[in-house]
Each structure stands twice: as structure tokens, then as C-alpha cells.
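Asker: this one's structure only:
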């Protein structure tokens, strides 16, 4: 098998596309294995599975082109299989890190946008609740005492964590209460 791989590698180095196709078939289990490992660590990458496989294939191609038969580059004789595995794993991990970084940036931008929108909403609603007695009456009549308490702290720009500690509830309960109050107010004011 090693001899067949070496012949294919020589052909790939000579830019024989059919040789790479054959090499790709031989190493398909490795490519699939490395792709599955990354997906099992982070299931959010499912949408990027094809891109991860493409990265693995590019790593295999680069490994085939750069593999040294004499072992000088690696300090000793390393089989192509091991060399390819290391190259593929490193490239797939690198790509996964790039995806993670990109997703974090995207999430951070969305959170900043959401906070900016919530800040304007809070300021406008605080002003309306202070200045309009009819709206203040509607707000009081249509919210539970807990919702009212939580929402007023939210309007004072207190964090979910601070509010949760003050009312003795979880942050998720605080988030749900704020959502309910916003929904009620939108229905009442529209």
C-alpha cells in the first residue's frame, strides 16, 4: 500500500489530477474522521461541514505536494499517512478556530446592536412612564408586582444579574419577566 501511495504522490507532484482523486479516495476515511471530530466538539459547525471537508481536502493536497520522500524535512522517515493526518488535523483545527472567532464577533456585534436598541427603548419608556399618568396607570394595572419591580429596575439600567439578586430569582426569570412586560406594553400602546 505504501508503494501505491508513493507512486500517487509522485504523480500528484507532477500535477496529475486523477492521481489526486485516487489519493483522496484512499484518505476519505481520515478526512471524514477529522471532520466528525470537529463537529462532535462543536455541533454549531454543522452548517459549515462542507467547508470543513474542503479545508481537509486542501490540507491533503498541500501535504501531497510538500511531502518529502527522503525524510529530510521531518528529521526522519515519517509515513505519508501520518504526515497527512497531522496536516489535515492542524488545518481543520485552524479553520474551526477561525469559525469560532467569526461567530463570536458576529454575536458580539448583535449583542451591541441589541443593547443599543434596548437602551433607546428604556429611555423612551422611562420618559413616557414618568410623564404620562394614563400610561403609568395602564402599566400598573397590566403587570404583576414582580414584573413591575423587575421592569423598573431594568429601566434604571440595572443588569439582569443585579435584578436577579435583588428579587431572588434567576437571570432567566428576569429575562422572561422583561420580555412579558415589553410584549404587554407593545400590545397596549399600539
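Answerer: It's in. These numbers were taken from a predicted model, which means no experiment stands behind them.

Asker: how close does the residue nearest to residue 79 when sequence neighbours are not counted get to residue 22?
Answerer: Spatial nearest neighbour of residue 79, excluding adjacent residues (C-beta to C-beta, 6 or more residues apart in numbering): residue 2 at 6.9 Å. No exception for glycine: its C-beta is placed from N, CA and C like everyone else's. Per C-beta to C-beta, to the nearest Å, residue 2 is found 15 Å from residue 22.

Asker: can you pull the buried residues of stretch 28-35?
Answerer: Across stretch 28-35, burial judged by 16 or more other C-beta atoms under 10 Å covers 30, 31, 34, 35.

Asker: Stretch 172-190 now?
Answerer: Buried residues in stretch 172-190, defined by neighbour count with 16+ other C-beta under 10 Å: 173, 174, 175, 177, 178, 181, 184, 185.

Asker: which stretches of this structure form helices?
Answerer: Counting by DSSP state H, the chain has helices at residues 2-13, 17-26, 28-41, 49-66, 80-131, 133-142, 145-155, 160-167, 171-189.

Asker: Rebuild the ones you listed as CSV, extending it with mean pLDDT.
Answerer: Conversion of those to CSV gives the following (pLDDT from 0 to 100):
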stretch, mean pLDDT
helix 2-13, 89
helix 17-26, 93
helix 28-41, 90
helix 49-66, 92
helix 80-131, 76
helix 133-142, 74
helix 145-155, 88
helix 160-167, 91
helix 171-189, 83
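
Asker: between residue 2 and residue 22, who's got more neighbours?
Answerer: Taking neighbours as other C-beta atoms under 10 Å, residue 2 and residue 22 compare with residue 22 leading, 17 against 9.

Asker: Look up phi and psi at residue 169.
Answerer: phi -120, psi 170 (degrees, to the nearest 10).

Asker: which residues touch it?
Answerer: 146, 150, 177 (C-beta atoms under 8 Å, 6 or more residues apart in numbering).

Asker: Test my guess that the first one contacts residue 168.
Answerer: Spelled out, it's residue 146. No - with contact defined as C-beta atoms under 8 Å, residue 146 and residue 168 do not form a contacting pair (9.9 Å).

Asker: give the contact list for the residue nearest to the spatial centre of the chain.
Answerer: In the chain, the centroid-proximal residue (C-alpha atoms, centre = their mean) is residue 103; its distance is 4.1 Å. Taking C-beta under 8 Å, 6+ apart as the definition of contact, the neighbours of residue 103 are residue 44.

Asker: was I right about residue 151 contacting residue 181?
Answerer: Yes - between residue 151 and residue 181 there is a contact under C-beta under 8 Å: 4.4 Å.
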